[in-house]
Every structure is written in C-alpha cells, then in structure tokens.
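Chemist: Kindly return the folded structure for what I paste below:
(chains A, B, C and D)
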There are 4 protein chains.
Amino acid sequence: MESTINVTVWNEFRHELNYEPAMKIYPQGIHRVIGDYLSKQRLNVTTATLDEPEHGLTDEVLNRTDVLVWWGHIAGDEVRDDIVEKIHDRILNGMGLIVLHSASQSKIFKKLMGTSCNIKWREANEKERIWILQPNHPITEGLGEYIELAEEEMYGEFFDVPAPDELIMVSWFQGGEIFRSGMTYTRGKGKIFVFRPGHETSPTYHNQEILKVIANSVHWAAPVKGTTVPVFGNVKPLEEL
Amino acid sequence: MESTINVTVWNEFRHELNYEPAMKIYPQGIHRVIGDYLSKQRLNVTTATLDEPEHGLTDEVLNRTDVLVWWGHIAGDEVRDDIVEKIHDRILNGMGLIVLHSASQSKIFKKLMGTSCNIKWREANEKERIWILQPNHPITEGLGEYIELAEEEMYGEFFDVPAPDELIMVSWFQGGEIFRSGMTYTRGKGKIFVFRPGHETSPTYHNQEILKVIANSVHWAAPVKGTTVPVFGNVKPLEEL
Amino acid sequence: MESTINVTVWNEFRHELNYEPAMKIYPQGIHRVIGDYLSKQRLNVTTATLDEPEHGLTDEVLNRTDVLVWWGHIAGDEVRDDIVEKIHDRILNGMGLIVLHSASQSKIFKKLMGTSCNIKWREANEKERIWILQPNHPITEGLGEYIELAEEEMYGEFFDVPAPDELIMVSWFQGGEIFRSGMTYTRGKGKIFVFRPGHETSPTYHNQEILKVIANSVHWAAPVKGTTVPVFGNVKPLEEL
Amino acid sequence: MESTINVTVWNEFRHELNYEPAMKIYPQGIHRVIGDYLSKQRLNVTTATLDEPEHGLTDEVLNRTDVLVWWGHIAGDEVRDDIVEKIHDRILNGMGLIVLHSASQSKIFKKLMGTSCNIKWREANEKERIWILQPNHPITEGLGEYIELAEEEMYGEFFDVPAPDELIMVSWFQGGEIFRSGMTYTRGKGKIFVFRPGHETSPTYHNQEILKVIANSVHWAAPVKGTTVPVFGNVKPLEEL
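Modeler: Below is the predicted model:
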C-alpha cells in the first residue's frame, strides 16, 4: 500500500481578493481549486497563503510537507527571506517543489536556479498549445499529444534558467513565441517541476489536463521512502593508506 | 491499487552449465537467482534463456513484458538479429530494459546506444565500491552511501556510450580505475537502466543490496499506465495557414 | 594560427536534377551552395554526392574529413550499408557530423541515435521561426534572438530521438507545431549537430543566418587537435592488488 | 586572427603568506603560478587577491574580464556580498568562471548552483587519479587517459551540486572514494568549469597537465564574439492576434 503524500499548496492570494477578473475565475483562490483537485487524487492536502502568519509555512507545516506547490506573482518580494531559507533547506533535504506560472520569478526559485529567471511576457489572451516531448514520463501520464489553452498569458524565450534535467513540454504561442513549459530539476535531494501555465485571469486551473499534470508532478516529486543520507565533512579512509 | 508489472529475466545461461566457478555460485543460472528475488517484490516474473526456441522471447512473451532484464556475455553473437529487432521495437514502444554487467556488450544495447560500448576490463577478483550520486532517486531507494563488493571483475573508463540521462552510480576499483556503473537512458518511450556489476564467478547476485537495485530499477523502468501515443507522418495544420 | 578544417559536404543530389521547384532554387545542387559559403569561411571544402562511385566517400576522402555535412531525403535507402559503417566508425573516432533537415531520417543518423527518428511533417510553405535557447554557444555566434524563414516544410514533435546533450534551438511553426531544431549529441569521440531547416523547394540555404549556423557548427564539430586515445580491452592494474 | 582573452586569476592568498607548507610550494601565491603559465598561452592575464581594495575586483577589472579563475578556501566568508553580486551579474552576462578546488565552497559558486555544495574531505596526502570521460572535449585537449597526482587532499561524493551539463572527469582516490572532478555548467550566458584538484600544500599547480587543463578551460569558457542579446520583459506579438 502506498503511503500518503502530504502536499502543501501555497498561494500568494492577492489577485483573487482585489482584482475583478481574477476574483471571477478563482473566487476562493487558486490554492483552493488546485487543493480540491489534489484532495481527490489520494493526496493529503494543506493550503497556505502569503498573509497568514509565517505565510502559513511554520516549521511544523514545512517539516511534514512532502511536496510544496507554489503560486506567486506581484507580492513575491514580501515573502520573508528567513522563510525562503527554510524552504530551501527542506528542498535540499528532499521536499519536492512544483513551481507554477509566475512562481518562476519567486525568491525560492531564483535561489535554486542561480540565474535571473528572466522571461519575455505578454498579456493578450492568446492561444497556447503545450506539446509533450516525453511521452512515457510519469508527469505526462494519461495525456494526449498536447494540451490546448484558448486564452493564456504568453511567456517567451530566452528563459534564463539552467538547462533542465528533463525537458518535458514546450509551448507554442499564437503570437509567435515558444517556451520551455515543463521542466524538471534536482537540487540536493529535492525534485522540482516547473510548469508554465496558470495566469490569474485565465481559467487554466479549471482545465482537467492541467490539473492532471499537477497531480502527476506531485506524485513524481514526492521523496522516495528510504533516501540515502549523505555524509559530509571530514572522513577517515575506507582503504589503508 | 498498483497494477502488477510483468518482468522477463533473460539470461544467456551458458557459463552456469559448463564453467565450474560459475556453476558453483549460480547452479540454476543467474536468471533464477534474480527471478526468485523479483518474484518476492510484488512482480510477475518469467525467465527466458538463449537456448530456448526463439531464445524464449516469442512475440507473445515480448508483448506482455513490461520490463526485460538482460544478462549476456560470450554468446552475444548468437542472439538472432530478427529477435533483436523485435526487442528494439518493443523498447521504443515503452518496454523497460535493465542491462546487467556484460550485457553492455550485447547487440540490443549497442543498437540502442549507437556507439561501440567498448570498455576496459580485468578479471582479478578485486574490490569494487559503488558510490551513489543520486540520493533521492527511485533506483537507489533504501540504500546507503555505497555498495561494497569484495570480489568483482573490473570495468574501466572510457566506456564508449552516450552521456546518460542520469548518472546514478560510479564505481571505485581497487586496481585504480573508476566506472560509470549506474546510468539511465530513454530511447523512444523505453526506459533503460545500465547496472555494471555481476560477473559470472562473483556472488554478486546473492548480495541483497544489488538485488534491491535491480528490483527498484524494474519499478522505475515499467511503462506508465496511460502513455501518450505520438502521431507520426504527414499531418494537417492545427492553425489556419 | 588555427589549422584548416577539412569539410566534406555530402548531398543526395536527386531533387535538384529532376524536380523543377528544387532545380530552380538550387540549380547546381544544395551541396554547391553550402560548399561555396563554407569555402569563404576559412574551411577546406570537398563535395560528394550519392551517385558518385562509393557515393564520393572513399576511404581516402573519409579519412581526411574532419566534419561531414549531410543532406539526404528520398534516396536514403540507396546509401550502401558498408559505407554507412565506415562513416559510423569515423564518427566514433572523432569526425564531426552536421545533419541537415531530412538527413534526420538517414541510415547514419538512425544508427547513431538508436531510435526511429520519426517525426510529424507537412509541406505547406508555412512560416518557421527558430528561437535560440543558448545565447552564448559557439553554434549561435553572431545571431539574433531568432531566425525567421518565410516558407518552409514543417517538422513537428514528437521527434523520436534521445534527449540531446544540448538543446540550442526550438522552432515555432505557423500551423501550430513546435520542433527541437538545433541539437547537439556526442557519440564516441564524434560531435553531431542536427539542424532542422532546409527543404529542397525552399530557399533556406541562401539565407545568410542559416549558412552562418552551418559554418559555426562545422567549427564546433571539428575534432580537437590532440584528442585522448582511449584504451579498450584487458588491462593490468594500476595499483597493487 | 583570434582575439586575446582577458583572464583574471583571483586568489584568496592567505595560506601562502602564513602557513609554512603552503609558503614552500607557492612562495608568491597560487595566483602567480597559474597566472605565469596562462600568460605563456596567448592569454592576457591579470591577478587579484582578497586583501586588495575591493578584492582587486573593481568594476573596471570585472568589466574587462572574459574569464575569472577563482581559488579560495578559509576566508571565503570575507568576500564582500556586493562584489559577489557583481561577479554573478557578469557571469550571467557572459563572463566565464573557472572554479578551482575549495572554491567549490565559495559564495559565488554556491549562489550559481543553488545547493549546499557540501562534500566529504580528508587531508592525508593520498594518491588521486583523474580519469577523463570526454576524450574529444576542448578542455581535455592534449591529455592522456588520466592525470595522476601523487599527493592530494581527498574530496568525496556525495557532492551536493546540480547534475552538470557535462561530466568530463572523475577522480579515483587511494582511500576508497570517487569524485566528479571536472564538470561544466552554464548559468545565463556564462560558462563555468569546476576543477577539483589544487590543495594549498600539494604541488598540483606545478603539474603541467593540471595547468594545461586550466588553460584549455579558459579558452573554452571565454564568451563567443557576437553573443545573442536576449530581450526580456513585455513584448508585442510577432504574429497578428
């Protein structure tokens, strides 16, 4: 029997409180839509938001989280540096991280990448088609050849991130750009999945295929049960010198 | 509930029939030792050997195999080319492949790699220590920092294979060489794990950590349930031209 | 002073002899247009075609070739297997290979990849925009953010090849597809660059940016001067056992 | 004619001023030994050290530096954060970085990697044999199968860094460990080479093969002449919406 995975869905939760177009689509917040879906997929879900004490990410919450799903945008700078440090430490020790849409500009993601994470962007409600390049990857389980979104924000290359461990998806945009939309990274013992779509005024997180990708990625990013514990520092020789 | 994975353990099965040192360690063949272990790990195991009709790999067997474990050595040239083609086709369509020890010189592995797969080697019963470089990988689940084998054949670099998708293990040898001992590749929809140890006159496949790696790799290499079916050939445009 | 690089530009050279639209654009053959450009870039150029004896690839020619540029299409099956073997051997020993357009379906490329190399395709003279993902790579030296081609054949994913060492370019197509258009691989000591554009009825090889990429890639793929000579086979220990 | 590459060799330069065993081997500092060698390889060399004003890395110096070679150890924490930021920014914009030995624990390297960069280590003057895994890479030009160092500090895995773009060298240590000793990374437009050996009390930087690797890596890491300038931020569509 598979052990339950503890997921914490974190959301900045600002647009949905004060920006009409976002409120309409996600009246209770992006975290609730994603969290509700994941709850139905044999996952043990908690949500947390920026304006809760410690952003909802107390030591207790972080320590029991197997996979952290992150959505953030305009208030990224308000995330406390000491909490970013704690998240970073947890990831290096095995917690998974799912980086959604503009979370690619978050403090934690930039810290993990070591680059600017700069992108091109455009808000024009244009069509996006996400092509799948790894047809037998756990993250693309159950999908067709591509996912089509009628209206999304555009993100364009050059996306200033390191080459990923795996390039799983590339987006085509109506306006003429492409973007590496699904990528995996490993940092320390932590598995990271970066998933491009999810603008706050597009109904993307109501799309069943998008939700399926997120659920798949949570299962993929969860730490293996008995992970190797690396030994660091000064050691004695294993062979006679 | 997880669906059962069908594993076929293929063995050349020649040394164990006519070479005293191998007969002592594997009286019923390497395939039986590995197969017996995998049977206890919730896996549905079949064995097959070179001298059976069609090498035990009929269409029926290949079509129901999710993961093929392969051990071969001196009689690699006797494997029929038409059967190699069938195995190749099955791998591109999603069957996993676990390449054990000298199977790195097999027809099927060379065909998948596109290189000579040449190595250095030495039979001197020397110590091997397999270091783990990916502490949170499904294939290394439950292991410590390294696996130590008191007596093994040496394989040394340069190993003429493409850079792997993931480098999971590197061996240290007493005689002064190193070797990339655990590597993953993807070819088509097929996942491949190459695992170095397992000389026919060393008791390596009686080692519980080695067996654990093989079992872990079978779970990792099994095809995902609903894989994307790529469309090839001439297609109509998705957008108006 | 840099030593001269010997380039052999190989072309199937059939379309340009009997297919009107190709004859118009490349009256003397694709190989002549590419060869003439490379000759002006401090490169020592030879051309060779399918219908010459030994396809123009005698041992003497192959042995002195540092980088082989390959364009092939409808007559790929007519390339002799023994010559493919020789090319393969030369690549493993350090000769570079530039795989242009439909050469991605050639015997030599399939042999190097170990996969089907299948693609989607469409001949509709649609717009292609090749985005550059590695802005400081020798192969993209001197280029802007993208290359635009007004009329090209479409190639679409899934492209059944192994994950590349480096993904350098991704194409956007007007009809809604994307494609990994610039990729590098290493096989043995040989460096390989796969470059998507170049349909026989499009004026692509008259485009200065496309030609610049090919010239850049030749410089990149040329063997380094004093390459390490790997030792294979049975060896004595370097340390006392 | 090749344009001259401007190299800045930076050294902490503390051990060589006050620790007898280091003073003996590098009486004028590690930077002088490396710098003198590079000067003879058609490179334009400057040196800089921790205790100079701004650590010798003024804006003027950084802006003209094509490749920065870095050796640091016990005083890594004294490197000013604002200067680390400037170096980081220069690397993302194309400056190369050569990370020598304990510089793998430096602020700038950790910032680029996004991980702890933790290692195992031992000072026992043991034998190290650096095996070459990429026999046709510009960084290994002119080398044999391995480099042997009679006495070095040991570094052991798990080395907590992201998977490299290229794994070029792996070390064997007498005491039983292995280590990924030569690795390349790309961050932004900057090329990074991490090269393990070079303990302050070992004569490693007097070894001609080690010096050759450093010189090769400087040539490899230098920015290409006309690099693509990425455009970031809000952009207009390239196609009609």
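Chemist: who touches the lengthiest helix in chain A?
Modeler: Scanning chain A for the longest helix, with DSSP state H as the assignment, gives helix A:208-221. Here helix A:208-221 makes contact (C-beta atoms under 8 Å, 6 or more residues apart in numbering or on different chains) with A:5, A:7, A:34, A:37-38, A:41, A:43, A:67, A:69, A:96-98, A:100, A:138-144, A:147, A:149, A:182, A:184, A:191-193, A:195, A:197-198, A:204-205. C-beta coordinates here come from the backbone N, C-alpha and C atoms, glycine included.
Chemist: surely A:Pro21 meets A:Thr201?
Modeler: Yes - counting by C-beta atoms under 8 Å, A:Thr201 is a contact partner of A:Pro21 at 4.1 Å.
Chemist: The two: which is more packed in?
Modeler: Per other C-beta atoms under 10 Å in any protein chain shown, whichever of A:Pro21 and A:Thr201 has more neighbours is A:Thr201, with 19 against 12.
Chemist: How is the more buried one assigned, secondary-structure-wise?
Modeler: Following DSSP: H, G, I helix; E, B strand; the rest coil, the label given to A:Thr201 is coil.
Chemist: thought it was touching A:Glu20?
Modeler: No - with contact defined as C-beta under 8 Å, A:Thr201 does not count as touching A:Glu20 (9.1 Å).
Chemist: Sheet partners, orientation included, of the helix or strand that A:Ile98 is a member of?
Modeler: When elements are assigned from DSSP states H and E, A:Ile98 belongs to strand A:96-100. Looking at strand A:96-100 with DSSP bridges, its partner strands are strand A:67-71 (parallel), strand A:190-195 (parallel).
Chemist: How far does that strand sit from its chain's centre?
Modeler: The chain centre lies 2 Å from the centre of strand A:96-100; the measure is C-alpha atoms, centre = their mean, to the nearest Å.
Chemist: is any part of the helix or strand following that strand close to chain D?
Modeler: Downstream of strand A:96-100, the next assigned helix or strand under DSSP H and E is helix A:107-113. Yes - applying C-beta under 8 Å from any C-beta of the partner chain, one finds helix A:107-113 touching chain D at A:111-113.
Chemist: and helix A:107-113, how far from the chain's centre?
Modeler: Here helix A:107-113 is found 12 Å from its chain centre; the criterion is C-alpha atoms, centre = their mean.
Chemist: Can you spell out which helices and strands pack onto it?
Modeler: On a contact count with 3 or more C-beta pairs under 8 Å, 6 or more residues apart in numbering or on different chains; DSSP states H and E, helix A:107-113 meets helix A:81-92, strand A:96-100, strand A:178-187.
Chemist: quick one: average confidence on the helix or strand that that helix is followed by?
Modeler: Next helix or strand after helix A:107-113 toward the C-terminus (DSSP H and E): strand A:120-132. Averaged across strand A:120-132, pLDDT comes to 98.
Chemist: now do stretch A:224-236
Modeler: Mean predicted lDDT for stretch A:224-236 stands at 89.
Chemist: ok, and what's touching it?
Modeler: Outside stretch A:224-236, the residues touching it (C-beta under 8 Å, 6+ apart) are A:3, A:94, A:189, B:132, B:135-138, B:140-145, D:118-122, D:156-158, D:160.
Chemist: Weed out the non-buried ones from these.
Modeler: A:94, A:189, B:132, B:135-138, B:140-141, B:143, B:145, D:118-122, D:156-158, D:160 (16 or more other C-beta atoms under 10 Å in any protein chain shown).
Chemist: picking that back up, any idea which of the residues of helix A:107-113 next to chain D is closest to chain D?
Modeler: Chain D has its nearest neighbour among those in A:Leu112, at 4.2 Å by C-beta to the nearest C-beta.
Chemist: can you pull the contacts of the nearest residue to the closest one once chain neighbours are set aside?
Modeler: Here the nearest residue to A:Leu112 in space, its sequence neighbours aside, is D:Gly114; by C-beta to C-beta, 6 or more residues apart in numbering or on different chains that works out to 4.2 Å. For D:Gly114, the contacting residues are A:111-114, A:187, D:162, by C-beta under 8 Å, 6+ apart.
Chemist: Tell me, how many residues neighbour A:Asp59?
Modeler: 11.
Chemist: and the residue nearest to it when sequence neighbours are not counted, how many residues sit next to it?
Modeler: In space, and not counting its chain neighbours, A:Asp59 is closest to A:Lys86: 7.1 Å by C-beta to C-beta, 6+ apart. Counted with other C-beta under 10 Å, the neighbours of A:Lys86 add up to 18.
Chemist: What pLDDT is listed against A:Lys86?
Modeler: pLDDT recorded at A:Lys86 is 98.
Chemist: what does A:Gly96 give?
Modeler: So, for A:Gly96, pLDDT stands at 98.
Chemist: Now for it, how many residues are close by?
Modeler: 26.
Chemist: Quick check, it in contact with A:Gly188.
Modeler: No - using C-beta under 8 Å, A:Gly96 makes no contact with A:Gly188, being 11.6 Å away.
Chemist: Just the buried residues of stretch A:233-241, please?
Modeler: So stretch A:233-241, judged by 16+ other C-beta under 10 Å, has buried residues A:235, A:237.
Chemist: Just the terminal-to-terminal distance for it.
Modeler: Using C-alpha to C-alpha, to the nearest Å, the end-to-end distance of stretch A:233-241 comes out at 19 Å.
Chemist: Tell me which residues touch A:Asn136, please.
Modeler: Contacts of A:Asn136 (C-beta under 8 Å, 6+ apart): B:94, B:186, B:189-191, B:223-224, B:227-228.
Chemist: got the residues you listed as JSON lines, with distance to B:Asp51 columns?
Modeler: Converted to JSON lines, the contacts of A:Asn136 look like this (distance: C-beta to C-beta, whole Å):
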{"residue": "B:Gly94", "distance to B:Asp51": "28"}
{"residue": "B:Thr186", "distance to B:Asp51": "32"}
{"residue": "B:Lys189", "distance to B:Asp51": "31"}
{"residue": "B:Gly190", "distance to B:Asp51": "26"}
{"residue": "B:Lys191", "distance to B:Asp51": "28"}
{"residue": "B:Pro223", "distance to B:Asp51": "29"}
{"residue": "B:Val224", "distance to B:Asp51": "34"}
{"residue": "B:Thr227", "distance to B:Asp51": "34"}
{"residue": "B:Thr228", "distance to B:Asp51": "38"}
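Chemist: Now a ChimeraX select for only the buried ones of these.
Modeler: Only the buried members of the contacts of A:Asn136 end up in this ChimeraX selection, burial being decided by 16+ other C-beta under 10 Å:
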select /B:94,186,189,190,191,223,224,227,228
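Chemist: Tell me how far A:Ile178 lies from C:Ser181.
Modeler: 10 Å (C-beta to C-beta, to the nearest Å).
Chemist: on that earlier part again, now the longest helix of chain A: buried residues?
Modeler: For helix A:208-221, the neighbour count (16+ other C-beta under 10 Å) marks A:210-221 as buried.
Chemist: would you list the residues you listed in a markdown table and tack on distance to C:Glu16 and pLDDT?
Modeler: Formatted as a markdown table, those follow (distance: C-beta to C-beta, whole Å; pLDDT from 0 to 100):
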| residue | distance to C:Glu16 | pLDDT |
| --- | --- | --- |
| A:Ile210 | 47 | 98 |
| A:Leu211 | 51 | 98 |
| A:Lys212 | 48 | 98 |
| A:Val213 | 46 | 98 |
| A:Ile214 | 51 | 98 |
| A:Ala215 | 53 | 98 |
| A:Asn216 | 48 | 98 |
| A:Ser217 | 49 | 98 |
| A:Val218 | 54 | 98 |
| A:His219 | 53 | 97 |
| A:Trp220 | 49 | 98 |
| A:Ala221 | 52 | 98 |
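Chemist: quick one: which of these is nearest D:Asn63?
Modeler: A:Ala221 (40.6 Å; C-beta to C-beta).
Chemist: Quick check: that closest one vs chain C, distance?
Modeler: 19 Å (C-beta to the nearest C-beta, to the nearest Å).
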